[in-house]
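>>> Test case, fold it:
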Amino acid sequence: MAFAQPREDAHKGEAANPSSPFGMGELEQRAKKLAAKPFTKDEGDLPDFLSNMDSEHYRDIHFKPEKSLWREERLPFQVQLFHRGYMYKDRVAVNLVSGGQVQPVPYSSDFFDFGQNLFPAAPPPTVSYAGVRFHYPLRKGDGQEDVAVFLGASAFRAVGMGQVYGLSARGLAIDTGLPKAEEVPVFKEFWVEKPAPNADKLTVYALLDSPSATGAFRFVLRPGLATTIDVNSRVYFRKNVDRLGVAPLTSMYFHGENTDRFIDDFRPEVHDSDGLLMARNSGEWTWRSLNNPRQLRISVLKDISPKGFGLMQRDRAFDHYQDLDARYQQRSSLWVEPLGDWGAGSVYLIEIPSEAEKYDNIVAFWVSDQPALKGQERVFNYRLHYLLDSSLEPDGGRVVSTRVGLQAAGSNKRRFAVDFVGDELKYFSDKAAVEAELSASSGKISDVAVTRNSETGGWRLSFVLEPAVDKDVVDLRAYLKSGGEVLSETWLYQWSAK
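From the prediction side, this is the model:
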C-alpha cells in the first residue's frame, strides 16, 4: 500500500552549520551543547496503530529494494531505512553527507511495502525513521548483501562473508546490572558519508543521547571476510554515572553442552555466543564459558589496558545445533580491540536467567576505574572484528567445550569435562607430561585427569567438584601445562546449584 509523499515541513534533524563541512568536530560540538540541555525523549508523532502493533505485523513492513539510496548511482554501498513501529518507537533522523554538505532524508511512505497491514490513516510526514541498514557486494557477481544494521536504541549489528546476524554491539551501557533501572541511550540522528565509486569502506556518524550522557560517534565500516568497524567516540556527561559500560556487547545463551538441567528442546544447543574471551595485558588469554543461570550472575575480570575481549561463537558444527533456520553455527563472533590506552578497569560479564531464545541475556563491556562524572568529557576508541574463525587468537590450547553433569545418583558432586584443542597441542604424544593447574574458590576437587582426546586431536581435562554446603557459587580456574610451559588459555567457569 502507498501513501502520499511528505509535505515540505517533514521532520528533519538539526541543520548542520552550512559555513563548514560536516565532520566529527561539528558533531562533537553538537553533542557537547546537547549535554548542557535537559534530556527529552523523542517519541512524538507516532500513531497508536504503529506504536501498538505486534512483532508479526511490524515484520511485514519492508523497505523497497528499488528505493535504496545510491542504487541508481551504482555506488558500492547502498542505504535502506527502517520504519518506526512496534518496539522501535524512538524517532531517528537520517542525513546524507556529500562533499561535507548535509542533506536530510525526509520521510516518505513510498519507500516502504507495508504488506498486509491495513492502517486507518497514512503515517504522518513527521513520523521519520527507526534506523538504517547498509548493503555492500561481499561476493563478486552476487549483488548487494546486508552487512550492517543500526536499529533499536544504540544497538547495531554487522556480518562478514558467510556469517549470520547474531549478537549486537551498543553505543554505551549505563547502569547495567545494578539494583536499579538500566538507562538506555539512543542514537537519535545519523549522518552517512557518500562513498567514492570504488570505495571499500563507509563512514557513518551518530549522535547519542540519554538522561545521563550524550555522545558523538564515528563508525568506519569495512565489509569483508571478517568485517571490521572502527569506533571513535567522545562522551559528555549530564550527570554522574554509577557504571559506564564501554564497547558493550549483547548476546543470547539459552542452553548448551554445559547446561546441567533439563531443557525441553529437540536442539542440543541454542546460543549466539558460547564464551567470553579476554586477552590480558600480561599476555594471558582467558576463556569464560557462558551459561543460562538460575539467578543473575555478574563476573568481573580486572586488568590494565587489555589487548581485547569479545563474545565468541567457537562451536561451528551444525550437528551441535540442528537448526536449519537459525544457523547458529554461522553466528558472528565479535572481538573488541581497544585503540589507545584504556587504563585500569574491568571487563564485566552479566548472565541473566532466560526462559526462551528470543531474549538477549548475555552482556559484556569494559568499565574504567576512572569514575564518569557530571561535566566530564571522555574519549573511547576501538575496533570491532566480526569473525567466523579464530584468526585473532593464539596458537596454544583453546577451550572448545565444557560439559557438566551429576557424578552419581544421590550425590551433590559434579563431574566436569573441558576439551582443549590447538595447533601446538596436537603434536604432543599420548604419553606427554601434560597436566592441569586447577583451582576452585570453594569446595573440594578430586579425580583430576588430563587425557589425550583422539577425536578432537586435543586434550581433555576432567575432574569432580564437591561443592561446599555453605557456598552458593564456585569459581573454577584451570589451564594446561607441561613442566614450566603454559600450553593453553585459562579456562574460567562459575558454577552454582541455584
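>>> From here on, just use CA atoms for contacts and neighbour counts.
Will do.
>>> any idea how far the spatially closest residue to P467 that is not a sequence neighbour lies from D475?
Among residues not flanking P467 along the chain, G443 sits closest, at 4.3 Å (C-alpha to C-alpha, 6 or more residues apart in numbering). Note on G443: its distance to D475, by C-alpha to C-alpha, to the nearest Å, is 10 Å.
>>> Could you do V127 as well?
Distance from V127 to D475, by C-alpha to C-alpha: 50 Å.
>>> What of S482?
In terms of C-alpha to C-alpha, S482 sits 24 Å off from D475.
>>> Figure out the helix or strand that L50 lives in.
According to DSSP states H and E, L50 maps onto helix 48-51.
>>> and that helix, which residues are buried?
49-51 (16 or more other C-alpha atoms under 10 Å).
>>> likewise stretch 229-240?
So stretch 229-240, judged by 16+ other C-alpha under 10 Å, has buried residues 229-238.
>>> so H135 sits right up against Q144, yeah?
Yes - using C-alpha atoms under 8 Å, H135 is in contact with Q144, at 5.6 Å.
>>> now the residue of the chain most remote from its centre: how far from T451?
No residue in the chain sits farther from the centre than K431, which is 41.9 Å out by C-alpha atoms, centre = their mean. Distance, K431 to T451, using C-alpha to C-alpha: 9 Å.
>>> Likewise for D395?
Counting by C-alpha to C-alpha - D395 and T451 are separated by 20 Å.
>>> quick one, helices of the stretch 1-150 of the chain?
Applying DSSP state H, counting those that start in this stretch to the stretch 1-150 of the chain gives helices spanning 24-35, 48-51, 55-58.
>>> Adding distance to S282 and mean pLDDT, write those out as JSON lines.
Below are those laid out as JSON lines (distance: least, C-alpha to C-alpha, whole Å; pLDDT from 0 to 100):
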{"stretch": "helix 24-35", "distance to S282": "34", "mean pLDDT": "97"}
{"stretch": "helix 48-51", "distance to S282": "50", "mean pLDDT": "94"}
{"stretch": "helix 55-58", "distance to S282": "46", "mean pLDDT": "96"}
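>>> export those to JSON lines and tack on distance to L225?
Shown next, in JSON lines, are the helices of the stretch 1-150 of the chain (distance: least, C-alpha to C-alpha, whole Å):
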{"stretch": "helix 24-35", "distance to L225": "28"}
{"stretch": "helix 48-51", "distance to L225": "37"}
{"stretch": "helix 55-58", "distance to L225": "31"}
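>>> So which of those is the most surrounded?
helix 24-35 (a mean of 18; mean count of other C-alpha atoms under 10 Å).
>>> residues in contact with that helix?
With contacts defined as C-alpha atoms under 8 Å, 6 or more residues apart in numbering, helix 24-35 is touched by 205, 207-208, 213-218, 234-238.
>>> just checking, which of those belong to strands?
Among those, the residues falling in strands (DSSP state E) are 205, 207-208, 213-218, 234-237.
>>> neighbour count winner among V127 and D475?
V127 (28 against 15; other C-alpha atoms under 10 Å).
>>> Mind splitting this protein into its structural domains?
24-387, 398-496 (automatic domain parsing).
>>> Start and end of the shortest one, how far apart?
The first residue of domain 398-496 is 24 Å away from its last residue (C-alpha to C-alpha).
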